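Trainee: Fold the following for me, if possible:
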Amino acid sequence: MTEKEKAAAGLLYQAFDEGLTAERVQAQDLCYDYNLLRPSQLEERTALLDALLGSHKGEFLVEQPFHCDYGYNIHIGTHFYANCNCVILDEAPVIFGDHVLIAPNCGFYTAGHPMTVAERNTGLEYAKPIHIGNNVWIGANVCVLPGVTIGDNTVIAAGSVVNRDIPAGVLAAGNPCRVVREIQEKPRRMIL
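Mentor: Next up is the predicted model:
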């Protein structure tokens, strides 16, 4: 079994394997090129993301700068928006639904390392997928950790560290991130 196959199976693997390292460098080159484009160069930006991402559908926009490890494990739905400084360490799949909004400085991290020093010092790591549902809003400076699923129609408050699954239709906040309340579907009246 190759190191890439071990990673895909959720097993411990050597992240600095020659093949995986080459794939990360290729993705870093594409991110570098993407981040150097002028914001007005939308066609060129889209073409680079076409080459980088695993899949996307419909309309989407990823503001610069953007960084990822492989790119091919990232799958985004339609009407996806990621603001500046989005980091996706996609050692495992990171799947975003439709109508997802991501504020600045957010990170999605599928990679983890063993707790024991001896194992960690051998260069081993593991990867667990992240799933973000439809109609999710993720506030600024949110950190989403390996293996997390966030349900549809949920809001994650700014500054949260999401280290466990969050259900659908809630506002969640904090470190660690916890459900604060359910979200009412009827619009609230604006007070001016």
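Trainee: What are the contacting residues of the helix or strand bottoming out on mean pLDDT in the chain?
Mentor: Least confident element among the helices and strands of the chain, by mean pLDDT, DSSP states H and E: helix 117-120 (a mean of 92). Applying C-beta atoms under 8 Å, 6 or more residues apart in numbering, the external contacts of helix 117-120 come out as Leu12, His113, Pro114. Where C-beta positions appear, they are placed from N, C-alpha and C, glycine not excepted.
Trainee: Repeat that for stretch 62-76.
Mentor: 23-24, 27-28, 30-31, 34-35, 37, 39, 45, 49, 52-57, 60, 80-96, 100, 110-111.
Trainee: List buried members of those residues by neighbour count.
Mentor: The neighbour count (16 or more other C-beta atoms under 10 Å) marks 23-24, 27, 30-31, 34, 45, 49, 52-53, 56, 60, 80-83, 85-96, 100, 110-111 as buried among the contacts of stretch 62-76.
Trainee: now, which of those residues lie within strands?
Mentor: Taking DSSP state E as the definition of strands, these contribute 56, 60, 80-82, 86-89, 94-96, 111.
Trainee: same for whichever helix or strand comes after the least confident helix or strand of the chain, what does it pack against?
Mentor: Proceeding C-terminally, helix 117-120 gives way to strand 124-127 as the next helix or strand, assigned by DSSP states H and E. Identification of packing neighbours for strand 124-127 by 3 or more C-beta pairs under 8 Å, 6 or more residues apart in numbering; DSSP states H and E yields strand 13-14, strand 111-112.
Trainee: tell me the contacts of the closest residue to Gln14 other than its chain neighbours?
Mentor: Distance criterion C-beta to C-beta, 6 or more residues apart in numbering; nearest residue to Gln14, sequence neighbours excluded, is Glu3 at 5.0 Å. Contacts for Glu3 (C-beta under 8 Å, 6+ apart) come out as Tyr13, Gln14, Ala15, Asp17, Gly19, Leu20.
Trainee: which secondary structure element contains Asn141?
Mentor: In this structure, Asn141 sits in neither a helix nor a strand according to DSSP H and E.
Trainee: thought it was touching Cys106?
Mentor: Yes: because the distance of 6.9 Å satisfies C-beta atoms under 8 Å, Asn141 is recorded as touching Cys106.
Trainee: And these two? Which one has more around it.
Mentor: In this view Asn141 and Cys106 are compared by other C-beta atoms under 10 Å, and Cys106 has more residues nearby, 23 against 16.
Trainee: who's in contact with that one?
Mentor: Remark: with contacts taken as C-beta under 8 Å, 6+ apart, Cys106 is in contact with Ala82, Asn83, Asn85, Cys86, Val87, Ile138, Ala140, Asn141, Val142, Cys143, Val144.
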